[in-house]
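**Q** The following block contains a protein sequence and its predicted model.
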Amino acid sequence: MTHPTAAAPLGEPRLYLRAEMDAPELLNLDAGEVVVFSNARRPGRAPNEDAAAVVPLGDRRAVLLLADGMGGAAAGDRAAGIAIRTATEWVLGARPGGSGVRNAILDGIEEADRSVRDLDLGAGTTFVAAELWQDQVRTYHAGDSMAVLIDADGRPRWRTTPHSPVGFAIEAGLLDDARAMTHQARHLLTNAIGKRATHVEVGACRPLLPGDTLVVASDGLFDNLMLSEIGERVRHRELREAVGDLVGTATGRMISPESSDISKLDDLTILAFRSRPPEALRTLDFSPVESA
């Protein structure tokens, strides 16, 4: 297997608005590496209502942002773009260290919420931010776009809870992932930016262990692959190759529903992050260790 040459370090924020990408893009951060893919359900025919950004902050800090617009026509695309641009501007203006980035993300979401409401188009957008620093991550989210932390063996060890009836049922143990994928209420949301009584769920600080992969994605991924399938495609693989496999599988199920019981046509955006480069990951020993 050939491994791609590492990309040049990213110094400026990279925004993905109305993106129509043909292949995943690898970005180098001093915090680690991130692979991004974003495309519309019908490239060239309708705007991609997903939006995303990668914001490097130096000193092994960065923020990943993702929004999945709602409202149809141009309204969803505008709502997602407002959320990403506004949050990026606030994050770039944050005071380094302490709670500066945390406060900036929350202030950016609050301003984005007002701006989307002011459109008066019935628009809304989900939102996820992943704050990365010193091999730690903290998430902020509203809606059903998710962040999932997958360990080196492909097991999901943590995920955000979608703000939806189905998401809460999974969290309570009333539904498993397989049944949730085809549930008739899966499309319903209880929370989003620009909608009534918006609230942001702030996660705890969690360690990023060697070999961990953080996947932040819109429901174009999670409505077409179960978490176990995502973990299997990510484990022990170079990151851009893994994301390419996720994109291929999700897109295949979207355009060929007969190939799987799971199929939902939707825009697809993925940001996958590792705090260790592939070279370091391949040196880890995954063989079982016998106890004394």
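**A** The structure has been received and is ready for your questions.

**Q** Can you list the residue ranges for strands in the protein?
**A** 14-17, 25-29, 32-39, 50-58, 61-70, 124-133, 136-142, 146-150, 156-159, 201-202, 206-207, 213-217, 268-274 (DSSP state E).

**Q** Given the last one, what are its sheet partners and their directions?
**A** Based on DSSP bridges, the pairing partners of strand 268-274 within the sheet are strand 32-39 (antiparallel), strand 213-217 (antiparallel).

**Q** Can you tell me which of these is most buried?
**A** Most buried of the strands paired with strand 268-274 by mean neighbour count (mean count of other Cβ atoms under 10 Å) is strand 213-217; its value is a mean of 26. For the C-beta atoms, the positions are set from N, CA and C on the backbone; glycine is no exception.

**Q** Tell me what angle that one forms with strand 50-58.
**A** Orientation of strand 213-217 against strand 50-58 (axes from the mean of the first three to the mean of the last three Cα atoms, to 10 degrees) gives an angle of 140 degrees.

**Q** between strand 213-217 and strand 61-70, what angle do the directions make?
**A** 30 degrees.

**Q** so strand 213-217 versus strand 136-142, what angle?
**A** 20 degrees.

**Q** So which residues make contact with strand 213-217?
**A** Under the contact criterion Cβ atoms under 8 Å, 6 or more residues apart in numbering, strand 213-217 has outside partners 64, 66, 128, 130, 132, 137, 145-150, 208, 221, 230, 234, 239, 242, 268-274.

**Q** at 6 Å instead, please
**A** Strand 213-217 has contacts (Cβ atoms under 6 Å, 6 or more residues apart in numbering) with 64, 66, 128, 130, 137, 147-150, 234, 270-274.

**Q** Next: stretch 89-108.
**A** So stretch 89-108 is contacted by 55, 63, 86-87, 129, 131, 140 (Cβ under 6 Å, 6+ apart).

**Q** Which two of the residues you listed have the greatest separation?
**A** Thr86 and Glu131 (16.2 Å; Cβ to Cβ).

**Q** give me every residue that touches Arg233.
**A** Contacts of Arg233 (Cβ under 6 Å, 6+ apart): 242, 245-246.

**Q** where does the stretch 1-150 of the chain dip in pLDDT?
**A** Applying pLDDT under 70 to the stretch 1-150 of the chain picks out residues 1-9, 42-45, 71-74, 96-98.

**Q** Include distance to Arg95 when you put the strands of the chain into JSON lines, please.
**A** Formatted as JSON lines, the strands of the chain follow (distance: least, Cβ to Cβ, whole Å):
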{"stretch": "strand 14-17", "distance to Arg95": "22"}
{"stretch": "strand 25-29", "distance to Arg95": "20"}
{"stretch": "strand 32-39", "distance to Arg95": "23"}
{"stretch": "strand 50-58", "distance to Arg95": "11"}
{"stretch": "strand 61-70", "distance to Arg95": "12"}
{"stretch": "strand 124-133", "distance to Arg95": "14"}
{"stretch": "strand 136-142", "distance to Arg95": "17"}
{"stretch": "strand 146-150", "distance to Arg95": "24"}
{"stretch": "strand 156-159", "distance to Arg95": "28"}
{"stretch": "strand 201-202", "distance to Arg95": "18"}
{"stretch": "strand 206-207", "distance to Arg95": "23"}
{"stretch": "strand 213-217", "distance to Arg95": "24"}
{"stretch": "strand 268-274", "distance to Arg95": "23"}
